[in-house]
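J.: Here is a sequence together with a model predicted from it:
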Amino acid sequence: MCSSNISLEAISDGFDEGGRADAESPEAYYARFRLVGTETLSELLEKYKTDCDVNCIIYDPFLPWVLDVAKKFGLVSAAFFTQSCAVDNIYYRVYKKELKLPLLETEKTVNIPGLPVLEPSDLPSFVCVHGSYPESFEMILNQFQNLEKADWNLVNTFHKLEQEVIDWMAKFLLVKAIGPTIPSMYLDKRIQDDKHYGLSVFKPITNVCMKWLNERASRSVVYVSFGSLAELGFEQMEE
């Protein structure tokens, strides 16, 4: 699929018919994705060697094996973190075992270089509630397994917003703030038709939501987002 300046290609995760649901376990899915993804990405790069001159791969660090493919082809590599630099720094400290988990019940504050003194409840739930979503937590930590080899680590933030933590991480990683990555019409308006992200984890039901909202009294609705990984029980939903 092509637009004026972007062509979209696909690689395989090894489960082309049913996706992740066809894997016997999350571990089996990630292992298969790493194997087949490495093969099909390599095939794609081989194809483009004759069609155009590829010189850089920007990749989601949730797929750390992409960096190995980039090195194999002698390409510049850039990991792109979509979360804030503060959150990335916390997870990095956990990965390096500099922030020990589980947190001790006696710990009232947590000291992490580059960040202000935090309370345990200030940390991501993966960290403060150790053992919650173990498969997702392992995937989060695996983002950092080979970052030192990347040519750049791009973060969805801007320097003035997180200056202290960005400067701290820049001491040991090649960090560059490139955010906020939101449509141009919310920023500089240089691209007049750039108003939407163009993708969503879930299929939006905008019309239904807007109709319901329009029927509510002014200032009577509170919007709460739990993210795409949360699994709420009945009691939590009622609360």
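T.: Yep, that arrived.
J.: Summarise which helices and strands the helix ranked longest in the chain is packed against.
T.: Criterion DSSP state H: the longest helix present in the chain is helix 26-51. Contacts defined by 3 or more Cβ pairs under 8 Å, 6 or more residues apart in numbering; DSSP states H and E place helix 26-51 against helix 65-72, helix 134-142. Glycine gets a C-beta too; all of them are placed from N, C-alpha and C.
J.: ok, 10 Å please
T.: For helix 26-51, the packing partners by 3 or more Cβ pairs under 10 Å, 6 or more residues apart in numbering; DSSP states H and E come out as strand 56-59, helix 65-72, helix 134-142.
J.: who wins for proximity to Val222 among these?
T.: helix 134-142 (26.3 Å; Cβ to Cβ).
J.: Which strands and helices lie in contact with the closest one?
T.: By 3+ Cβ pairs under 10 Å, 6+ apart, helix 134-142 packs against helix 26-51, helix 85-95, helix 125-128.
J.: got a list of contacts for it?
T.: For helix 134-142, the external contacting residues (Cβ atoms under 10 Å, 6 or more residues apart in numbering) are 25-27, 29-30, 61-65, 83, 87-88, 91-92, 94-96, 101, 124-127, 130-131, 133, 229.
J.: please redo it, this time with the cut-off set to 6 Å
T.: For helix 134-142, contacts defined as Cβ atoms under 6 Å, 6 or more residues apart in numbering pick out Pro26, Pro64, Tyr91, Tyr95, Phe126, Leu229.
J.: Tell me the helix or strand right after that helix.
T.: Next helix or strand after helix 134-142 toward the C-terminus (DSSP states H and E): strand 152-155.
J.: downstream neighbour of that following strand in the secondary structure list?
T.: Once the chain leaves strand 152-155, the next helix or strand it forms, by DSSP H and E, is helix 163-169.
J.: Give the next helix or strand downstream of that following helix.
T.: Per DSSP H and E, the helix or strand that comes after helix 163-169 is strand 175-177.
J.: strand partners of that next one, parallel vs antiparallel please.
T.: When pairing is defined by DSSP bridges, strand 175-177 lines up against strand 152-155 (parallel).
J.: how far does the strand it pairs with sit from the chain's center?
T.: From the chain centre to the centre of strand 152-155 is a distance of 12 Å (Cα atoms, centre = their mean, to the nearest Å).
J.: quick one: the longest helix of the chain to helix 65-72, angle?
T.: Angle of helix 26-51 versus helix 65-72, following axes from the mean of the first three to the mean of the last three Cα atoms, to 10 degrees, is 30 degrees.
J.: before we move on, back to that, kindly indicate which of the contacts of helix 134-142 lies nearest Lys203.
T.: Closest to Lys203, out of all of the contacts of helix 134-142 and judged by Cβ to Cβ, is Leu229, at 17.7 Å.
J.: residues in contact with that closest one?
T.: By Cβ under 6 Å, 6+ apart, the neighbours of Leu229 are Ser136.
J.: now with 8 Å?
T.: Residues in contact with Leu229 (Cβ atoms under 8 Å, 6 or more residues apart in numbering) are Tyr133, Ser136.
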